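Chemist: What shape does this take:
(2 chains)
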Number of protein chains: 2
Amino acid sequence: MSGMPPNDDAVPVLDLSTDVVTLTEQLVDIESVSRNEQRIADAVEAALRQHPHLRVTRFGHTVVARTELGRDERVVIAGHLDTVPVNDNLPARRDGDLLHGLGTCDMKSGDAVILAIAASISEPRRDVTYILYEAEEIEAEHNGLRKLAESHPELLEADFAILMEPSNAVVEAGCQGTLRVDVTVAGVRAHSARSWMGANAIHAAGAVLDRLNAYEPRRPEIDGLTYHEGLNAVGIRGGVAGNVVPDRCVVEVNHRFAPDRTEEEAEEFVRDFFHGFDVTVTDSAPGALPGLDLPAARAFVAAVGGEVNPKFGWTDVARFSALGVPAVNFGPGDPSLAHRQDEHVPLVQIGHCEQALRAWLAGDD
Amino acid sequence: MSGMPPNDDAVPVLDLSTDVVTLTEQLVDIESVSRNEQRIADAVEAALRQHPHLRVTRFGHTVVARTELGRDERVVIAGHLDTVPVNDNLPARRDGDLLHGLGTCDMKSGDAVILAIAASISEPRRDVTYILYEAEEIEAEHNGLRKLAESHPELLEADFAILMEPSNAVVEAGCQGTLRVDVTVAGVRAHSARSWMGANAIHAAGAVLDRLNAYEPRRPEIDGLTYHEGLNAVGIRGGVAGNVVPDRCVVEVNHRFAPDRTEEEAEEFVRDFFHGFDVTVTDSAPGALPGLDLPAARAFVAAVGGEVNPKFGWTDVARFSALGVPAVNFGPGDPSLAHRQDEHVPLVQIGHCEQALRAWLAGDD
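Modeler: Residues are numbered from 1 along each chain as shown, chains lettered A, B, ... in the order given. As a prediction, the model looks like this:
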């Protein structure tokens, strides 16, 4: 599907001096589904090493490029190189004002902006750590940014971080946390021909669904942004056989919580909410406060202008937040198109993000 | 697990002149999980062929043995030879007044009674068609009685039929029908971080469970017996991924209906009950009226004495009912122990069933 044969051992050549749209196309056409990022990481590393103002290091298929100019301030600008699986949406295809194809939105257009900026601004006003990392779309254990935070936390040290995840080219600040629990309802098994001998666990799960239907989301305002929580069954399973009253029903619930609550507070809320039922936490990740009161963040928002929105979904900004680094999402593409077969990006948004970052890092250019 | 090596090609020898408890043990120790009935059918066929008063024929692993004495009345006495899968419960084990092991209850003790009666009563007062059949415990397409009804319906012609399924050695008359439906609830898929963009199908299924929780079973009286209907979720499934508001939830519902209703009436009831939801019938089998007003049934009940109970579960009596032959269940063993790892049968019930049938067929003996 890619423009280059997938088994070609030669490292694809990226032209970082071309326009960001063409560069996005080149990146999209290097297929890089999670766990298959070697070729794109090789290409990115080789292209960045052409620029002596960058100190380039590599960890797995994660590439880090730093300026070391001794500036007072350091910022991280980061993007992941992997995509969700191919779905008959390669190679890239330009159609009027849009670029279509896997990764155009999530997030090779953001990666292209990072690479163009990194190559062309040799003396930024702030020192910059550019990070292009592997395996964001799959289990967190593989996440390149997570690995880097564990093995080389000093490389993530910064006053501010920008993740170029799709955000419609406006600043999305903070992110909500996510908690998953299994709510288990017990019953007593019986033959369905003599159902009164048992107690139907699926019927009893009706009380769990009744509570979910009565849920009223909190919508707290934080740093002027209105978050919006959620509590949803994302799975339900129960049943033994077609002639058996089931003795167990499990409702999988996903709670999205605003960043004014910790994971522990979110868990306490969910346990209270399902009081009387067995609740087991299966997955948890903290939110990130928007941090818009911090100087570095204020300066960035002032420089790029426009509105600031809250981020509802969980992103890697939470990793920076956990390290004490305020972070925002700011990238081309509509986040609601991510992971869709028909994902695409407006060309104008790619250009807008590039110009905004260029103005912030290099002044008028 | 069996007392005889499972790969022994020799046909096991059954001694039909021994006591029914020992004969039950012999049958239990010939492992005959559904689709593996060849050896037990060979043994049964060989044993019955020793008795010249019986005309023996075989169809697959179903054995039919008939007396042909020109009596005014003919009765069928039937039992299945297969069991559910082995569960560390072979060989048979006697413990005081009980016989333990796979099939002791469901239903090799009943089969032993059939074989003992068939062999020892050469001139019954009623002509008898003894049927030992294959594959009752699995999909109906394999059922030996169903196949016989289709290929040789004349062999099932009778004034009355007795299925020796476990019924605690009392007569259980008729049986309830069973209907399975999928009740499908639709929603709109969305990312769970922006759940207000979607409509959660699992939450909406709460209304289905609410109706099930409000269900009041009918308990109609038919021929003096009180049936007891049921409407139960036997399965529920929904969910796309841990971060997706699901757009579909399916509740599998099993309706058990008294034999005063047809399958069509039962379906109409269920469709009305779930009015507003998508209902798809996945499986259906009619009930059987007890037929206790018919002379042959009355005579049998009078002969064996004791109480008569309604049969709640579906059994092959419904096949006889569909052919116009009144039928009852009458066999040793507690039906609620069937399919359990610890199934067993009280020895006294095996003897009671044998004596009752002997008295009815041979007079004082």
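Chemist: so what's A:Lys108 up against?
Modeler: Contact partners of A:Lys108, counting by C-beta atoms under 8 Å, 6 or more residues apart in numbering or on different chains, are A:24, A:27-28, A:81, A:83. Every residue, glycine included, has its C-beta placed from N, CA and C.
Chemist: and if you look at A:Arg319?
Modeler: A:145-146, A:149, A:156 are the contacts of A:Arg319 under C-beta under 8 Å, 6+ apart.
Chemist: go with 6 Å
Modeler: The contact partners of A:Arg319, by C-beta atoms under 6 Å, 6 or more residues apart in numbering or on different chains, come to A:145, A:149.
Chemist: which residues does the closest residue to A:Ala204 other than its chain neighbours form a beta bridge with?
Modeler: Among residues not flanking A:Ala204 along the chain, A:Val185 sits closest, at 4.7 Å (C-beta to C-beta, 6 or more residues apart in numbering or on different chains). Under DSSP bridges, the beta-bridge partners of A:Val185 are A:Cys249.
Chemist: Counting neighbours, what do you get for A:Val185?
Modeler: Per other C-beta atoms under 10 Å in any protein chain shown, the neighbour tally for A:Val185 reads 25.
Chemist: next one: the one 10 residues further on
Modeler: In terms of burial, A:Ser195 registers 23 neighbours under the definition other C-beta under 10 Å.
Chemist: That one reaches B:Glu229, doesn't it?
Modeler: No - counting by C-beta atoms under 6 Å, A:Ser195 stays clear of B:Glu229, with 9.3 Å between them.
Chemist: Over to stretch A:123-137 now: how far is its first residue from its last?
Modeler: Using C-alpha to C-alpha, to the nearest Å, one end of stretch A:123-137 lies 33 Å from the other.
Chemist: what comes up buried for that stretch?
Modeler: A:124, A:126-137 (16 or more other C-beta atoms under 10 Å in any protein chain shown).
Chemist: Can you list phi and psi of the residue of the stretch 251-365 of chain A found nearest chain B for me?
Modeler: Scanning the stretch 251-365 of chain A for the residue nearest chain B gives A:Gly313, at 3.8 Å (criterion: C-beta to the nearest C-beta). As for A:Gly313, its main-chain torsions (degrees, to the nearest 10) stand at phi -80, psi 160.
Chemist: on that earlier part again, closest to chain B among the buried residues of stretch A:123-137?
Modeler: Looking across these and measuring by C-beta to the nearest C-beta, the closest to chain B is A:Glu137, at 11.7 Å.
Chemist: For that closest one, give me its contacts.
Modeler: A:Glu137 neighbours (C-beta under 6 Å, 6+ apart): A:34, A:82, A:84.
Chemist: Which one of those residues is nearest to chain B?
Modeler: Using C-beta to the nearest C-beta, those come closest to chain B at A:Val84, 11.4 Å.
Chemist: Show me which residues of the stretch 251-365 of chain A sit near chain B.
Modeler: Within the stretch 251-365 of chain A, the positions near chain B by C-beta under 6 Å from any C-beta of the partner chain are A:254, A:256, A:312-313.
Chemist: which of those residues tops the neighbour count?
Modeler: Taking other C-beta under 10 Å as the neighbour criterion, A:Arg256 ranks highest of those with 27 neighbours.
Chemist: in the sheet, who's paired with it?
Modeler: If you apply DSSP bridges, the partners that A:Arg256 bridges to are A:Thr178, A:Gly230.
Chemist: so it sits right up against B:Ser195, yeah?
Modeler: No - taking contacts as C-beta under 6 Å, A:Arg256 lies outside contact range of B:Ser195: 7.4 Å.
Chemist: By neighbours, which of the contacts of A:Glu137 wins?
Modeler: Counting by other C-beta under 10 Å, top hit in those: A:Asp82 with 26 neighbours.
Chemist: what residues are up against it?
Modeler: Residues counted as contacts of A:Asp82 (C-beta under 6 Å, 6+ apart) are A:32, A:34, A:37, A:134-137.
Chemist: would you turn the residues you listed into a markdown table with pLDDT?
Modeler: Converted to a markdown table, the contacts of A:Asp82 look like this (pLDDT from 0 to 100):
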| residue | pLDDT |
| --- | --- |
| A:Ser32 | 97 |
| A:Ser34 | 94 |
| A:Glu37 | 97 |
| A:Glu134 | 98 |
| A:Ala135 | 95 |
| A:Glu136 | 93 |
| A:Glu137 | 89 |
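Chemist: Looking at those, which is nearest A:Leu361?
Modeler: Lowest distance from A:Leu361 to those (C-beta to C-beta) belongs to A:Glu136, with 23.7 Å.
Chemist: what residues are shared contacts of A:Arg256 and B:Ser195?
Modeler: With C-beta under 6 Å, 6+ apart, A:Arg256 and B:Ser195 have common neighbours A:Gly230.
Chemist: that older thread, tabulate the residues of the stretch 251-365 of chain A next to chain B in CSV, adding columns for distance to B:Leu54.
Modeler: Shown next, in CSV, are those (distance: C-beta to C-beta, whole Å):
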residue, distance to B:Leu54
A:Asn254, 67
A:Arg256, 73
A:Phe312, 78
A:Gly313, 76
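Chemist: and the two most separated of those residues?
Modeler: Maximum distance among those (C-beta to C-beta): 12.6 Å, for A:Asn254 and A:Phe312.
Chemist: what residues are up against the residue of the stretch 251-365 of chain A closest to chain B?
Modeler: Taking C-beta under 6 Å, 6+ apart, one finds B:Ala193 in contact with A:Gly313.
Chemist: how does it look with 10 Å?
Modeler: A:165, A:172, A:175-176, A:178, A:256, A:329, A:335-336, A:338, B:191-194, B:243 (C-beta atoms under 10 Å, 6 or more residues apart in numbering or on different chains).
Chemist: Just the buried ones from these?
Modeler: Applying 16+ other C-beta under 10 Å to the contacts of A:Gly313 flags A:165, A:172, A:175-176, A:178, A:256, A:329, A:335-336, A:338, B:191-194, B:243 as buried.
Chemist: Just to be sure, which of those are found in strands?
Modeler: Per DSSP state E, strands hold the following members of the buried ones among the contacts of A:Gly313: A:172, A:178, A:256, A:329, B:191.
Chemist: So the residue nearest to the spatial centre of chain A, which state does it fall into?
Modeler: When C-alpha atoms, centre = their mean is applied to chain A, the residue found nearest the centroid is A:Thr315 (3.5 Å). Three-state assignment for A:Thr315 (DSSP: H, G, I helix; E, B strand; the rest coil): coil.
Chemist: Kindly report the same for the one 5 residues further on.
Modeler: In the three-state summary, A:Phe320 is assigned as helix, counting by three-state DSSP.
Chemist: that older thread, can you lay out the contacts of A:Lys108 as a markdown table showing neighbour count and secondary structure?
Modeler: Converted to a markdown table, the contacts of A:Lys108 look like this (neighbours: other C-beta atoms under 10 Å in any protein chain shown; DSSP: H, G, I helix; E, B strand; the rest coil):
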| residue | neighbour count | secondary structure |
| --- | --- | --- |
| A:Thr24 | 30 | helix |
| A:Leu27 | 27 | helix |
| A:Val28 | 29 | helix |
| A:Leu81 | 27 | coil |
| A:Thr83 | 30 | strand |
